[in-house]
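Participant: Build me a structure from this.
(2 chains)
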2 protein chains.
Amino acid sequence: MSVPLNQQTASRLAAQLSRREIKAEQLVQACLERIASREPEVQAWSHLAKDAALHKARELDRGAVKGLLHGLPIAVKDLFDTYDMPTTYGSSIYADHKPVADASSVALSRQAGGIMLGKTVSTEFATFQPGQTRNPHNLLHTPGGSSSGSAAAIADYMVPLGFASQTAASVIRPAAFCGVVGYKPSFGLINRSGVKALSESLDTLGFLARSVEDVALFAAAVTEDRALMQLDISSTPRIALCYTHEWEYADADTQKAMQHAAMALAKNSINPRELNLPPIFAQLLQAQKEIMAFDLARSLAHERRCHADELSMKLKDLLASGDQISLERHNANLQLAHNARAMVFHAFGEHEVLLVPSAIGEAPATLKETGDPVFGRIWTLLGCPCVHLPFYKGRSGLPVGLQVVGRHGEDKVVLRIAKWLAQRL
Amino acid sequence: MSVPLNQQTASRLAAQLSRREIKAEQLVQACLERIASREPEVQAWSHLAKDAALHKARELDRGAVKGLLHGLPIAVKDLFDTYDMPTTYGSSIYADHKPVADASSVALSRQAGGIMLGKTVSTEFATFQPGQTRNPHNLLHTPGGSSSGSAAAIADYMVPLGFASQTAASVIRPAAFCGVVGYKPSFGLINRSGVKALSESLDTLGFLARSVEDVALFAAAVTEDRALMQLDISSTPRIALCYTHEWEYADADTQKAMQHAAMALAKNSINPRELNLPPIFAQLLQAQKEIMAFDLARSLAHERRCHADELSMKLKDLLASGDQISLERHNANLQLAHNARAMVFHAFGEHEVLLVPSAIGEAPATLKETGDPVFGRIWTLLGCPCVHLPFYKGRSGLPVGLQVVGRHGEDKVVLRIAKWLAQRL
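Facilitator: Model (predicted):
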């Protein structure tokens, strides 16, 4: 076997594990070796469960095949509760916190045979104050956030699968900056029980991996819906390019990625149509910001009351902005979102999915911030399923890509077309 | 002052506390004395924070008036996390659980000057296996559930205010059986962060007290929206009686309460109109049951995996029923709910609120179950604000009442009309 185990995709590993061609212990060892050599530089992990993971791997190697994730090591974003590992939510307030239960999604992954390899760095309460993680492609650049550690660890071949979550762009942006596949499911698809709540109308759990098949496998295990893994397409997909109302933010690299995608579609006999979103969608960016700030100011009421001096200035400013939004304005924002959600079906027209920017461009050359979430916000608010595909390099040689966006509830369509596109971009 | 402090309403107490006419310490002492004499029989509390509450009361008596709840003792349903008290979620699995943070709603109440007097008994994970609490009106009868302890404690004059939550009928049913006022706000109004999640599309935090003014005061403090306390009405409210598609479940006592309400409306020059809900609403009862079971089976994934032998048979059966519901069926149920929610505005017609049954009848003479939630389920699923009003006695001399139901988001209308009705029923 030429490709080292830690570099293979989860789907390929799962097939070998279920046929007993490789051992989970070997795979965990390979991941741990990679982590031992690279973690001092990348700093993706807030906790590594070395012994527990090896122990679990041996147990799985001895027993029957448990489920879709049998023997696969998984990185758990440190926003998800775990009963056997610390959970800090990216804040010093919770430095010593050991939850008593797993998040629902973590427990379901264990039930399917997944091995929790450790906790990965989150920004502070999954907002904008970075943790210590660096971009594995260039250590002076941000990995993006808030799912910084999961994205960096997967990009760096430390682990094949990682949990992530998105309130603004926290699945898609780190996927883009680290050059991995990110899947933010439809709002409501993944049970959020046991994940620190920031904004109930926005928080969406998601998945990171190195292929579309892998995020589909992971999601199929957590939702117990194997149909998510059926990725074959019988007819030519109906795809439109969508520059969105935020296009002015896109830099030359993202512009080139869109041009590249248009050419690739044309080569595959798809006339690259452009789709304009309804004018009212231009208001969603601001509405998402305000809903997030309003909700955060309340969700973190305990931390503000009892641990104010341990909150970053960046977060305090965000929370203060949330205090300025009246309940009337918040309700108007929710109503706008409700109306826009109802317009999505027709707005897509004859197209099944849209190809839209994932980020402004490459990962910025800073470790003091995680980049602008501008291209994620409206899709989180709309609850649309999104898959980020990495397929391009920017001017600094860092990854760039686009996201495939579908109608709410059409996760299967989005995953299928994302796989089709991944083979052609 | 003739009425003992522990028997007064929160609104009256709040006025005296803010004018420094009474001390918070006196009030807490009065509540503690009542608890000392009655708790051995009623068993409403899973934890009593006697010393901490007295300490906090003295601190508040010395300092400036903090907010709307200044000095008011509050009962916290044991489904809500509290950083300084144990939180069992009504399950032996969590017998020794001490969360590290307050639920958002608890922290906001403390911020407003509220004193957390203790934790009140919840059924097992707020489902159907009762805790030890008894109905204070007759100790052989259930207090209802799942907010059993809060309702019983308020009815028995142990505390003026209590947190509650509803996934099926867990605010309204215990309010009805214990004869107190229960307010289930519009879905989404109260931040759920830090409350054990059971079903994300249903879970709704609510309030129990001994008057409409009191639940409005409590909600105004937690939402930081004082407009909720403006309860004056300028014109005659537009109220319809609604027997709902579940009317066949109503027993003679609830039937008489409806007749009594019709007569009271007529006396107040309101022609008691009857409103029929759209036929499709008849499907909501089953849909709510299935959504709840589907979600519970996933929300409690950790408990099922690691502590299956500590779950009651009643809960295990419910979870197993959730496993039988396919994702397709679940999505169809959610779509039905979505469609029905969109119909509510027109379904109410010219009426501002509906008067509907809160429960089948009086509290059943059993401590082995908490009564049928049939009359709460559809309003939880629809996300409509509801206020239970106790105003009648059934054949066993136990409380009976009705709930005032409004359109989603029209909490102020519901509270205003509930107050108007409370004075006339």
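
Participant: which ones are touching the residue nearest to residue A:90 when sequence neighbours are not counted?
Facilitator: In space, residue A:90 comes closest to residue A:122 once its chain neighbours are excluded; the distance is 3.8 Å by CB to CB, 6 or more residues apart in numbering or on different chains. Bear in mind the C-beta positions are built from the backbone N, C-alpha and C, glycine included. Residue A:122 is in contact with A:46, A:77-79, A:88-90, A:131, A:145-149, counting by CB atoms under 8 Å, 6 or more residues apart in numbering or on different chains.

Participant: could you redo the last one with a cut-off of 10 Å?
Facilitator: Residue A:122 makes contact with A:46, A:77-80, A:87-91, A:130-131, A:133, A:145-150, A:164-165, A:170, A:196 under the criterion CB atoms under 10 Å, 6 or more residues apart in numbering or on different chains.

Participant: Tell me which other helices or strands whatever helix or strand residue A:261 lives in touches.
Facilitator: Residue A:261 belongs to helix A:252-267 when elements are defined using DSSP states H and E. On a contact count with 3 or more CB pairs under 10 Å, 6 or more residues apart in numbering or on different chains; DSSP states H and E, helix A:252-267 meets strand A:239-241, strand A:273-274, strand A:353-357, strand A:386-393, strand A:399-406, helix A:411-422.

Participant: coming back round to it: okay, and which of the contacts of residue A:122 map to strands?
Facilitator: Per DSSP state E, strands hold the following members of those: A:46, A:77, A:164, A:165.

Participant: can you redo these as CSV with neighbour count?
Facilitator: Converted to CSV, the ones in strands among the contacts of residue A:122 look like this (neighbours: other CB atoms under 10 Å in any protein chain shown):
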residue, neighbour count
A:46, 23
A:77, 33
A:164, 34
A:165, 27
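
Participant: Could you dump the residues you listed into TSV and include distance to chain B and pLDDT?
Facilitator: Shown next, in TSV, are the ones in strands among the contacts of residue A:122 (distance: CB to the nearest CB, whole Å; pLDDT from 0 to 100):
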residue	distance to chain B	pLDDT
A:46	17	98
A:77	17	98
A:164	19	98
A:165	14	98
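
Participant: just to revisit the earlier point, which SS class is the residue nearest to residue A:90?
Facilitator: When classified by DSSP: H, G, I helix; E, B strand; the rest coil, residue A:122 comes out as coil.

Participant: Phi, psi for it please.
Facilitator: Main-chain dihedrals, residue A:122, degrees, to the nearest 10: phi -110, psi 150.

Participant: which residues sit in contact with residue A:32?
Facilitator: With contact set as CB under 10 Å, 6+ apart, residue A:32 has these partners: A:6, A:39, A:48, A:50, A:53, A:54, A:73, A:117, A:118, A:158, A:159.

Participant: Check the secondary structure at the closest residue to residue A:383 other than its chain neighbours for me.
Facilitator: Of all residues not flanking residue A:383 in the chain, residue A:187 sits nearest, at 3.1 Å (CB to CB, 6+ apart). Classification of residue A:187 by three-state DSSP places it in coil.

Participant: so how many other residues sit close to residue A:187?
Facilitator: 21 (other CB atoms under 10 Å in any protein chain shown).

Participant: cool, the one 4 residues further on as well?
Facilitator: The number of residues packed around residue A:191, counting by other CB under 10 Å, is 26.

Participant: for residue A:40, same thing?
Facilitator: Applying other CB under 10 Å, we find 8 residues neighbouring residue A:40.

Participant: would it count as being in a helix?
Facilitator: Yes: assessed by three-state DSSP, residue A:40 belongs to a helix.

Participant: can you pull the pLDDT of it?
Facilitator: Reported pLDDT at residue A:40 in the predicted model: 98.

Participant: what's the distance between it and chain B?
Facilitator: Here residue A:40 is placed at a distance of 30 Å from chain B (CB to the nearest CB, to the nearest Å).

Participant: same deal with residue A:252?
Facilitator: Plainly put, residue A:252 is 41 Å away from chain B if you go by CB to the nearest CB.

Participant: now do residue A:154
Facilitator: 24 Å.

Participant: And residue A:103, by the same measure?
Facilitator: 8 Å.

Participant: Quick check: phi and psi on that residue?
Facilitator: phi -60, psi 150.

Participant: Please identify the residues of the stretch 251-400 of chain A in proximity to chain B?
Facilitator: Counting by CB under 10 Å from any CB of the partner chain, the residues of the stretch 251-400 of chain A lying close to chain B are A:294-307, A:323, A:326-328, A:330-331, A:334-335, A:338, A:342.

Participant: For those residues, which PyMOL command selects only the ones that are buried?
Facilitator: A single PyMOL command selects the buried members of those (16 or more other CB atoms under 10 Å in any protein chain shown):
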select buried, chain A and resi 294+295+296+297+298+299+300+301+302+303+304+305+306+330+334
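
Participant: taking the residues of the stretch 251-400 of chain A next to chain B one by one, which sit in strands?
Facilitator: Applying DSSP E to these, no entry is found in strands.

Participant: okay but residue A:247 is in contact with residue A:285, surely?
Facilitator: No: proximity of residue A:247 to residue A:285 does not meet the contact threshold set by CB atoms under 10 Å, at 11.9 Å.

Participant: So for the two, which residues contact both of them?
Facilitator: Common neighbours of residue A:247 and residue A:285, using CB under 10 Å, 6+ apart, are residue A:375.

Participant: ok, for residue A:336, nearest residue in space, not its chain neighbours?
Facilitator: In space, residue A:336 is closest to residue A:287, 5.2 Å off (CB to CB, 6+ apart).

Participant: which SSE is that neighbour in?
Facilitator: Applying DSSP H and E, one finds residue A:287 within helix A:284-299.

Participant: Which secondary structure elements does that helix sit against?
Facilitator: Where contact means 3+ CB pairs under 10 Å, 6+ apart, helix A:284-299 is packed against helix A:301-306, helix A:313-323, helix A:327-347, helix A:374-382, helix B:104-111.

Participant: Try it again at 6 Å.
Facilitator: For helix A:284-299, the packing partners by 3 or more CB pairs under 6 Å, 6 or more residues apart in numbering or on different chains; DSSP states H and E come out as helix A:313-323, helix A:327-347, helix A:374-382.

Participant: need those helices in TSV with mean pLDDT and distance to residue A:33, can you?
Facilitator: Shown next, in TSV, are the helices and strands packed on helix A:284-299 (pLDDT from 0 to 100; distance: least, CB to CB, whole Å):
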stretch	mean pLDDT	distance to residue A:33
helix A:313-323	98	36
helix A:327-347	97	46
helix A:374-382	98	34
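
Participant: hey, which of the ones you listed is tucked in deepest?
Facilitator: A comparison of the helices and strands packed on helix A:284-299 by mean neighbour count, using mean count of other CB atoms under 10 Å in any protein chain shown, puts helix A:374-382 on top with a mean of 26.
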